[in-house]
Every structure is written in C-alpha cells, then in structure tokens.
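Engineer: below: sequence and its predicted model.
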Amino acid sequence: MGIPLCEKRRLARMMPCVLPIAFLVVASAQAGDRAAWMPSAKWGVMNHYLADWIARTTRQPMTVERWNSLVDRFDVEALAEQLKSVGASYYQISIGQNSGYYLSPNATYDRITGIKPGKCSRRDLVADLYEALHKRGIRLMVYLPTGAPGGDAAARQALQWDIREWSTRWGAKVSGWCRLGPARRVTKRFEGSSEACFPINAAPRLRPKRIASRWQIVAGAYP
C-alpha cells in the first residue's frame, strides 16, 4: 500500500529530524570491545520517528489506527538502500519517546500500563529494520529515554520502566542502546546482548573515570 501524496508532502517536512551522528568512543577495559567497531564505522544516521512529532507536523491527531498504518507502511528496504548510497555505517532510530506510542509490540508494557487499545505498534519495525540493514552491512542502534513517556499520564503512573522484553527479543541485532536521562537508569533493568554498547547522554555531569567504567560511548546532545 502506498502513502498518499499529501501525506508524503507532510512527512517530508520532518526531514530535519534525520541527522548524521557520530559518538565519542570511551576506552574501557571493563567494557571489552563492545564499541570497537565504531572508530572504523566513522558516522551514521539518526532518525526520530515519533507519533507526536508527526501529529504536530501534519496537523492531524494521532490515533492507534493511524500509528499502526504509518509503521506498517515504513519502507525498510528503501531506507536501507538510501543509507547504503550515502555510505552510512550505522543507523539509529527512536523506539518512542514522550507520547506513549512505540514502533514495536511490547506485551509487558501493555499489561503494566493497562492502556487499551495499546499504543505499541503491531509491526516490530526494529526487527524488520535489522533484516534490511544487516544484509547491506549497516549496524542498527536504538534510542529510548530512561523514564516513562512524559506525555502519557496513565503510563507514567503505572510504569517502572522495564525494557527487557525488547532487549531480549532483539539481542545482538541491536549494536547499541542510546538511553537518555538520569545516568543511574541507563543500564537498569537491561537484559539482552552482552555486546551492545551504551551511549550515555549525561556525560558532562559525570566524572570521566566513571564514564569509562560503565559506558562505552558518549552521545553529543549536551555541549
């Protein structure tokens, strides 16, 4: 199913949300070689694909039905081919952020929050992205805040943020997790690939020695 032309034009205005990114690799004997691939990778692309941002840009309210339609029609093969054509070595996408809408199913989240109909998509877009990227030699990373979605009162009240369903399902398919928020939460409740690197975005507030002992790369959202 194709995306209507009017929808394509509205979504095209969101392209500033697609950014080239690079991370500072932090040397750490404790971390092993989880981030060893990054110096040779050099740079990648990050994409915020967020329900509330799309709703504001298109001036159309977001619903569960519309979110599932958008995620279902996300062309992973076309995106992977674009990334390959520009030489990007890795791609990072937001799983979700403040709206409570996520681009992968999570039964644990739905059960704990009790939100019906659930705002987690039917399609596991992360898993499908991995398949398209992997065969082109492009690594996949994901972004997720450490706290409950700030714009969803029901989720904030119910949730003690636990990402194990996602992290164990995807395992080594995800090469890195960019989790932003209080540093003590970044690796809390994480289970999954022992090879995944953790960018930390609160680095300026931490001592360099502590950064090197717990995280492998530093994101650059803070000056």
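Structural biologist: Yep, that arrived.
Engineer: can you pull up the bridge partners for the closest residue to Asn106 other than its chain neighbours?
Structural biologist: Sequence neighbours aside, Cys120 is the residue nearest to Asn106 in space, at 4.8 Å (criterion: Cβ to Cβ, 6 or more residues apart in numbering). Yep, even glycine has a C-beta here, placed from its N, CA and C like the rest. Taking DSSP bridges as the rule, Cys120 bridges to Tyr102.
Engineer: quick one: the strands in the protein?
Structural biologist: Ranges of strands within the chain are 18-21, 24-25, 44-47, 90-94, 139-143, 176-178, 199-200, 217-218, based on DSSP state E.
Engineer: if you average pLDDT over each of those, which is lowest?
Structural biologist: Among the strands of the chain, strand 24-25 carries the lowest mean pLDDT, a mean of 44.
Engineer: if we can go back for a sec, count the neighbours of the residue nearest to Asn106 for me.
Structural biologist: For Cys120, the count of nearby residues is 28 (other Cβ atoms under 10 Å).
Engineer: I'd say it and Arg111 touch.
Structural biologist: No: contact criterion Cβ atoms under 8 Å: Cys120 and Arg111 do not qualify, at 10.9 Å.
Engineer: how far away is Trp37 from Arg156?
Structural biologist: 36 Å (Cβ to Cβ, to the nearest Å).
Engineer: what do you get for Lys84?
Structural biologist: 39 Å.
Engineer: next one: Glu131
Structural biologist: 33 Å.
Engineer: what of Gly118?
Structural biologist: Applying Cβ to Cβ to Gly118 and Arg156 gives a distance of 16 Å.
Engineer: could you do Tyr101 as well?
Structural biologist: Taken as Cβ to Cβ, the span from Tyr101 to Arg156 is 14 Å.
Engineer: and what of Asp110?
Structural biologist: Taken as Cβ to Cβ, the span from Asp110 to Arg156 is 15 Å.
Engineer: same check on Val142?
Structural biologist: Computed as Cβ to Cβ, the Val142 to Arg156 distance reads 21 Å.
Engineer: try Gln82
Structural biologist: 36 Å.
Engineer: next: Gln97.
Structural biologist: 13 Å.
Engineer: have a look at the two and say which one is more surrounded.
Structural biologist: The neighbour comparison of Gln97 against Arg156 (other Cβ under 10 Å) goes to Gln97, with 21 against 15.
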